[in-house]
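**Student:** need a structure here:
(2 chains)
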Amino acid sequence: MSDYLLQMNGIVKSFGGVKALNGIDIKVRAGECVGLCGENGAGKSTLMKVLSAVYPHGTWEGEILWDGQPLKAQSISETEAAGIVIIHQELTLVPDLSVAENIFMGHELTLPGGRMNYPAMIYRAEALMRELKVPDMNVALPVSQYGGGYQQLVEIAKALNKQARLLILDEPSSALTRSEIEVLLDIIRELKAKGVACVYISHKLDEVAAVCDTISVIRDGKHIATTAMADMDIPKIITQMVGREMSNLYPTEPHTVGDVIFEARHVTCYDVDNPKRKRVDDISFVLRRGEILGIAGLVGAGRTELVSALFGAYPGRYTGEVWLDGKLIDTRTPLKSIRAGLCMVPEDRKRQGIIPDLGVGQNITLAVLDSFAHLTRIDAEAELGSIDKEIARMHLKTASPFLPITSLSGGNQQKAVLAKMLLTQPRVLILDEPTRGVDVGAKYEIYKLMGALAASGVSIIMVSSELAEVLGVSDRVLVIGDGQLRGDFVNQGLTQEQVLAAALSESGDTAHNKNNNDRPGAVGDARQ
Amino acid sequence: MNQLKQLFTRYKMLALVIAIAVIWLFFSWETDGGFLTPRNLSNLLRQMSITGILACGMVLVIISGEIDLSVGSLLGLLGGVAAILDVVYHVPLPLNLCIVAGCGLLIGLANGCMTAYLRIPSFIVGLGGMLAFRGILLGITGGTTIAPVSPELVYIGQGYLPPLVGIVLGVLLFALTLFLTWRQRSNRALHGLAAHSLARDGVRVAAIGAVLAGFVYTLNSYDGIPVPVLLLLVLLGVFSYITTQTVFGRRIYSVGSNMEATRLSGINVQAVKLWIFGIMGVMCALAGLVNTARLAAGSPSAGNMGELDAIAACFIGGTSMRGGSGTVYGALLGALVITSLDNGMSMLDVDSYWQMIVKGSILVLAVWVDVSTRAGRR
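**Tutor:** A predicted model of the protein is given here:
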C-alpha cells in the first residue's frame, strides 16, 4: 500500500479529436496541499472533472488510485461517498436557505415521516462552524446574510460534513477580499493538520505559494512538473506555466499607429451583488488611431467588466469617462456608444451575440436596420445586398443568408456578430474574447480582419485570455490584475513571462517597458 | 409518421388548416349541415373578430417574450366607456372612436412603461390590470348594462358591406396576391436565388384565389361581408406588414429571441416593449368598440376571459412560448379554431362546462403538437 491518498496516473481525456488532457500524473498525500497551476485552458478544470467523475470512469484513459484501490466512479455522488469533494469557482449555495440547510443540502437529517430534523442539523452545523473557527456565525440565518468569504466557509463546512478526505478548491478566492482570503488560507492549514488533503487551484500564485506543499504545473493538457514548494518560487512557476513555443498562427497586416483618439479615464466598476467591492479600480488608458490594444489578465481580473463599462453594458454601478477625439462622449447605453462610434463584440456569443430565431442575414443587419428603411418598410433588396457584401468580406460560410444562425459553426456565428458590429462603422471596436470557441481557420481570418481594420484606421481593443493571441496580434498590451492596471507594455520583444508576472504582481505601480509619451515620468522596466 | 411530422414542421399552418377542416366537418355532420350554412359562417366570423383583434396585438406581445393578462378587462372597460359616451353624452361616433382608441393607447403605454421601465414582470402588470380595469368598469357602469347605443355605433359590430363592395374587395385582394407573388419571384431571381417552382407558386395563388372566392361568395349569399370581419382583414394586413416588413417588426422578434444581444446591438429594447403594449391597448379599444356594437350595449361583464381566448389563439397558432417566433395569420387561424369550437358546441347545445373542458384540452393538445414538432429543430 502506497503512502499516497490519491494517485492519478496517465490521465488522457479527449474531446472529439482534441486531447484536452494528455498524460497527467498527480499524487496527493493525506494532509498535503497540492497546488495545481496552469494558464487559462491548460486543462485544470478538466482534470478535476475527471477526478470528481463529472466525466465518469470509461470516458477517459488512465487510472485513479484512491487509498491504493482503483476508483471507477460513475457519478459525483460516488466520488463524494469516497470522500472527494469539489468546491467550484461559482458558489453553489441557495441564498435564501439558512446556513444549516445549505450545509445539509441533499443529505438532510430527517425525523420519521420525512420531516426535517432542524435541531440536529443546527447543532451539527454549529459544531462544524466551531471546527472552522467561526463560532459567531448564526447557522439559522439565510446564507445571503453573509458575505462572500463566509459563504465560501459554508461551502467548506458542507464539504466537511460529507466526511471529505480530499478537498478540491477551484479558484476559491476569486470572489474574496484580502482579509477573507487570509481566513480561508488559515482554515486550509487547519484542515491539513487534521489530515484532510487539498488540491488548490488558483491563478493567484502568492496564495498557492503560501499554502501549498507541492506544486504541479500543467500546460496544454500535459503534465510539466511536480515540485516541492520548498524548491520553487513564483517566477519558476510562471516559467513552467508559460514555456510554450509561439507558433506562426498570427498573420501580421502592416498598419501604422496614429495619434491618440480615444481615452478611458478613471473607470471604476462595482460588483453587482456586493456594491462595496470594486471589480475595476480606477483604470485609465489611451488608444491610438489604428492601434490594436490587447488587454490581458487572468479570468476574473476585471477585463470584461472594464470594456463593458466603456460600452455602457456593465450591469452594475460604475463611474468613469470616455473620450473620443478630445470630446467627452456619452456611452451610458450600448445605443449611445454605437452612435458615438464605439462598439463591442461581447464575450458570450450565445447569450449576448446571436439572435437564435433570426436568420444569418437578419442577425448581420440588426444594428443598422434603420438605414435600410424607407418610412417604416425595410428595403429587402438593399438589406440583402448589404448582407451579401458582408458575407463575402468575412468569408462567412453559409449556404444561404436565410438559414437560421444556429445552424452555423461557432466561428461563422462569430463572424456574423462581428459583421453586425462592423456595419455600424465604428471608430473604436471592442472585441471581448473574439476567438473563444472558434476553430483555427476562423481565428486566422478574424486576426487578418483585425489587421485590415487597423490599417483602415479603426482602433481595436481586444480582451483575450490567450496570452499567445494577445502577444500575436497586439501593438500594445494592458495587463489587468485584481481590477487594477498592472502593466502597459509596447508589444516589442514582450514575453509571456513579463505579462504574466505583471498580472500576478501585488498591487502597486503599473509596469512599463518603454518610455510612454502620454505618461511622462512613468518610465520603468517590466518587473520580473 | 416521421415524414408526416417533417411535413408539419415545415408547413406548420397546414396542420392548423387541417384541424379547422376536421372541426368544421365534425360540426357540420353533427348539425346536419347547419354549421356550414352561409348564415352560420357569417356569424362565426363576426364572433371571431373580437378574439381575432385581441390576438393581433397579443401575438406581438408574446413574440416579444411578454404576456398581457389584462386585455379582457381592458376590452370591457373601453367598450363600457364607448357605450357611456354614446348613450349618456351622445358623443358623435368619430370623436367617440378617437377618445376610446386614445384611452386604449394611454393605458397600453402605461402597462408597457411598468413592464419595460419599472421592470415589473408583465404577468403581474397584467394580473393587476385584469382586476383593476374590471373594477373601474363596474364602478363607472354601476354594475348595470348601458343601452341602447346609437345605430351608428351598432353598425360597427352588426353592419354588412353591400355585396358589390365585397366582390370588389375580393378581386383587389386577389390582385394583391398576384402582385406580391410576382415581386417575390423577380426579387429572388435578381439575387440569384432559386425561385420556387412555377407550379408551387401557381398552386399557391390558385388556392388563395379559391379561398377568397369562397369567402366572398359565402358571405354575399347571406348579408354580405360583416364590418368587423372587414376590420379584422385590414388588421391582418397591417400586422402582417408590421411583423414582416418593418424595422419595428424585426425588433419585436429579436427582443423576444435574445433581449440581451438585442440591447448590445444598440437597440432600445425598452422602447420596443413600450410600443408593443401601446399597440395592444389600441387593439383592446377596437375590440371593445366592436363588442359593444355587437351587443348594442355596454355590459359590465363584457370581455370576461377574453384574454384567455386571445392567448390560446396565439399559442394554437404556433407562437413560441419563450418568444422570438410566431405569425399574425397563425394567431388568427388559432382564433378561428377557438371560435369554431365555441360556435359549434353552442349549436349542439353542449353544456357550458363541457365547452370549457374541450377548449382547455384542445389548447394543451395544440401546444403539445407544436412543441413536439419544434423539438427536432433545436
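**Student:** what residues does chain A put near chain B?
**Tutor:** Counting by CB under 8 Å from any CB of the partner chain, the residues of chain A close to chain B are A:311, A:313, A:333-335, A:337-339, A:343-344, A:346, A:351-358, A:362, A:366-367, A:369-370, A:372-373, A:376-378, A:380-381, A:384, A:388, A:400, A:404, A:406, A:420-421, A:424. In short, each C-beta sits where N, CA and C put it, glycine included.
**Student:** And these, which of them are buried?
**Tutor:** Buried members of these, counted by 16 or more other CB atoms under 10 Å in any protein chain shown: A:311, A:313, A:333-335, A:337-338, A:343-344, A:346, A:352-358, A:362, A:366-367, A:369, A:372-373, A:378, A:384, A:404, A:420-421, A:424.
**Student:** Among those residues, which are located in strands?
**Tutor:** Assignment to strands by DSSP state E places the following of those there: A:Cys343, A:Met344, A:Ala373, A:Ile378.
**Student:** What is the nearest of those to chain B?
**Tutor:** Of all those, chain B sits closest to A:Ala373, with 4.9 Å by CB to the nearest CB.
**Student:** so what's the backbone phi/psi at the residue nearest to that closest one when sequence neighbours are not counted?
**Tutor:** In space, A:Ala373 comes closest to B:Val247 once its chain neighbours are excluded; the distance is 4.9 Å by CB to CB, 6 or more residues apart in numbering or on different chains. With angles defined as degrees, to the nearest 10, B:Val247 sits at phi -60, psi -50.
**Student:** quick check: domain ranges of the chain?
**Tutor:** Picking chain A for this. With domains defined by automatic domain parsing, chain A comprises A:4-242, A:247-341+A:427-528, A:349-425.
**Student:** Let me rephrase: I mean chain B.
**Tutor:** Domain assignment for chain B by automatic domain parsing gives B:41-159+B:226-373, B:160-225.
**Student:** Tell me how many other residues crowd B:Asp223.
**Tutor:** 16 (other CB atoms under 10 Å in any protein chain shown).
**Student:** Ok, A:Ser98 next?
**Tutor:** Using other CB under 10 Å as the criterion, the residues surrounding A:Ser98 number 21.
**Student:** Output the below-cut-off pLDDT ranges for the chain.
**Tutor:** Chain wasn't specified; assuming chain A. By pLDDT under 70, the low-scoring segments of chain A are A:1-2, A:16-18, A:40-41, A:148, A:174-175, A:178, A:244-249, A:440, A:506-510, A:513-528.
**Student:** I was thinking of chain B, sorry if that wasn't clear
**Tutor:** Ranges of chain B meeting pLDDT under 70: B:1-10, B:191-195, B:374-378.
**Student:** Can you name the residues of it that neighbour chain A?
**Tutor:** Residues of chain B lying close to chain A (CB under 8 Å from any CB) are B:187, B:190-191, B:193, B:241-242, B:245-248, B:250-251, B:253-254, B:256-258, B:260-268, B:320, B:324-325, B:377-378.
**Student:** Give me the subset of these lying in helices.
**Tutor:** Those of the residues of chain B next to chain A mapping onto helices are B:187, B:190, B:241-242, B:245, B:247-248, B:250-251, B:253-254, B:256-257, B:260-264, per DSSP state H.
**Student:** Drop anything exposed from these.
**Tutor:** Buried among those by 16+ other CB under 10 Å: B:242, B:245, B:247-248, B:250-251, B:253-254, B:256-257, B:261-264.
**Student:** next one: phi and psi at the residue nearest the centre of chain A?
**Tutor:** In chain A, the centroid-proximal residue (CA atoms, centre = their mean) is A:Val299; its distance is 3.0 Å. A:Val299 has phi and psi values of phi -60, psi 130 when expressed as degrees, to the nearest 10.
**Student:** hmm, back to that, in JSON lines, list the buried ones among the ones in helices among the residues of chain B next to chain A along with distance to B:Val81.
**Tutor:** JSON lines is the format used below for these (distance: CB to CB, whole Å):
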{"residue": "B:Ile242", "distance to B:Val81": "26"}
{"residue": "B:Gln245", "distance to B:Val81": "33"}
{"residue": "B:Val247", "distance to B:Val81": "33"}
{"residue": "B:Phe248", "distance to B:Val81": "28"}
{"residue": "B:Arg250", "distance to B:Val81": "34"}
{"residue": "B:Arg251", "distance to B:Val81": "31"}
{"residue": "B:Tyr253", "distance to B:Val81": "33"}
{"residue": "B:Ser254", "distance to B:Val81": "35"}
{"residue": "B:Gly256", "distance to B:Val81": "31"}
{"residue": "B:Ser257", "distance to B:Val81": "36"}
{"residue": "B:Ala261", "distance to B:Val81": "40"}
{"residue": "B:Thr262", "distance to B:Val81": "36"}
{"residue": "B:Arg263", "distance to B:Val81": "36"}
{"residue": "B:Leu264", "distance to B:Val81": "41"}
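**Student:** Show me the one of the domains of chain A that comes nearest B:Ile124.
**Tutor:** Minimum separation from B:Ile124 across those (CB to CB) falls at domain A:4-242, 19.7 Å.
**Student:** how far is that closest one from where the chain is centred?
**Tutor:** In terms of CA atoms, centre = their mean, to the nearest Å, the centre of domain A:4-242 is found 18 Å from the chain centre.
**Student:** my read is B:Ile67 is in a helix, agree?
**Tutor:** No: using DSSP: H, G, I helix; E, B strand; the rest coil, the assignment for B:Ile67 is coil, not a helix.
**Student:** Can you tell me how far it is from chain A?
**Tutor:** 18 Å (CB to the nearest CB, to the nearest Å).
**Student:** how about the nearest residue to A:Ile480, chain neighbours excluded?
**Tutor:** A:Ile480's closest residue in space is A:Gly297 (CB to CB, 6+ apart), at 3.7 Å.
**Student:** Excluding sequence neighbours, find me the nearest residue to B:Met58.
**Tutor:** B:Ala310 (4.4 Å).
**Student:** go on, A:Val499?
**Tutor:** The shortest distance from A:Val499 to any non-neighbouring residue, by CB to CB, 6+ apart, is to A:Ala296 (5.2 Å).
**Student:** ok, now which ones touch residue 295?
**Tutor:** Picked chain A for this. By CB atoms under 8 Å, 6 or more residues apart in numbering or on different chains, the contact set of A:Ile295 is A:Arg303, A:Leu306, A:Val307, A:Ile461, A:Met462, A:Val463, A:Ser464, A:Val470, A:Val477, A:Leu478, A:Val479, A:Ile480.
**Student:** could you do chain B instead?
**Tutor:** B:Leu295 neighbours (CB under 8 Å, 6+ apart): B:Gly157, B:Ala302.
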